[in-house]
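[1] got a predicted structure plus its sequence, pasted below:
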Amino acid sequence: SLLATIFFVMLAGRFSSWNLHIMVIAFVQGGIAAFFSKMLKMMSWWLPIQLLFVPGLIAGLALDVAPYWYLLIFLVLLVVFWSVFRSQVPLYLSSRAVWQALADLLPNKPDLRLIDLGSGLGGLLGFLIRTRPQGRYVGVETAPLPFVVGWLRCALQGCDMRFGSLWTHNLDSYDVVYAYLSPVPMAELWHKVTAEMKPGSLFVSNTFAVPGVVVTKTVEVDDFHASTLYVYQL
């Protein structure tokens, strides 16, 4: 946003006679910010933030929104996204089509154990416990609000939701590890997977492949995100 603002100020003199509405100017600045985000190959979720930040700020001032609303919004974002600045892993929610595709990949064994690294709201765990009730399903989530929602859902359905970082959970007892994270931690996560998971087990990554590692199988999913499951057999 700062880079876009500097660039816009440099151009503003050329259009000073146009007498543009302030919201038009705000959206132009936001568009430039989104363009720079795209050129810098930032994560896609940054684009709407860059586009709407300044227009949203101006709209809030125009509507005379009480200051405590900004604090409330900040606190909600904090408990939802929590450690994104450190982990570089935003809140991604898997689609129902991905849940079904993953369920179809699971080995047919009565004591199957699966862990969802970054389990969000616990939707995948609830789906699996309903469709494959013979297995044991565990989720790990570090963001407080998604964890609370997921924990309540799991408490009612019989799966297991745990609060904390995925890096502190040992993977040696699981037959399948599923992750929907971001490109940033994939290389480090693969090192953890190969060090801890037992031979024959499966690591499944939604959308983000492990760099430099030959995938065992890919599954194309017909959902809104055009998701791809990357399956690695240890």
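    Arrived safely, thanks for sending. Numbering: from 1, shown residues only.

[2] and stretch 125-133, which residues are buried?
    For stretch 125-133, the neighbour count (16 or more other Cβ atoms under 10 Å) marks 125, 126, 127, 128, 129 as buried. Heads up, the C-betas are built off the backbone N, CA and C, glycines and all.

[3] can you tell me the average pLDDT over stretch 52-67?
    Averaged across stretch 52-67, the pLDDT comes to 76.

[4] in that stretch, what counts as buried?
    Buried residues in stretch 52-67 (16+ other Cβ under 10 Å): 52, 53, 54, 55, 58.

[5] what's the answer for stretch 101-113, then?
    Neighbour-count burial for stretch 101-113 [16+ other Cβ under 10 Å]: 101, 102, 103, 106, 112.

[6] looking at this structure, which helix or strand is least sure?
    For the chain, the helix or strand with the lowest mean confidence is helix 84-87, at a mean of 52 (criterion: mean pLDDT, DSSP states H and E).

[7] quick one: low-confidence ranges for this structure?
    The chain contains residues with pLDDT under 70 at 1-22, 40-46, 68-70, 74-91.

[8] and the strands in it?
    In the chain, the segments counted as strands under DSSP state E are 113-117, 136-141, 160-163, 176-179, 202-206, 217-220, 228-233.

[9] how about those strands in JSON lines, adding distance to residue 153?
    Output for the strands of the chain, formatted as JSON lines (distance: least, Cβ to Cβ, whole Å):
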{"stretch": "strand 113-117", "distance to residue 153": "12"}
{"stretch": "strand 136-141", "distance to residue 153": "10"}
{"stretch": "strand 160-163", "distance to residue 153": "8"}
{"stretch": "strand 176-179", "distance to residue 153": "17"}
{"stretch": "strand 202-206", "distance to residue 153": "19"}
{"stretch": "strand 217-220", "distance to residue 153": "25"}
{"stretch": "strand 228-233", "distance to residue 153": "23"}
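
[10] since that was my last question, I'll sign off now.
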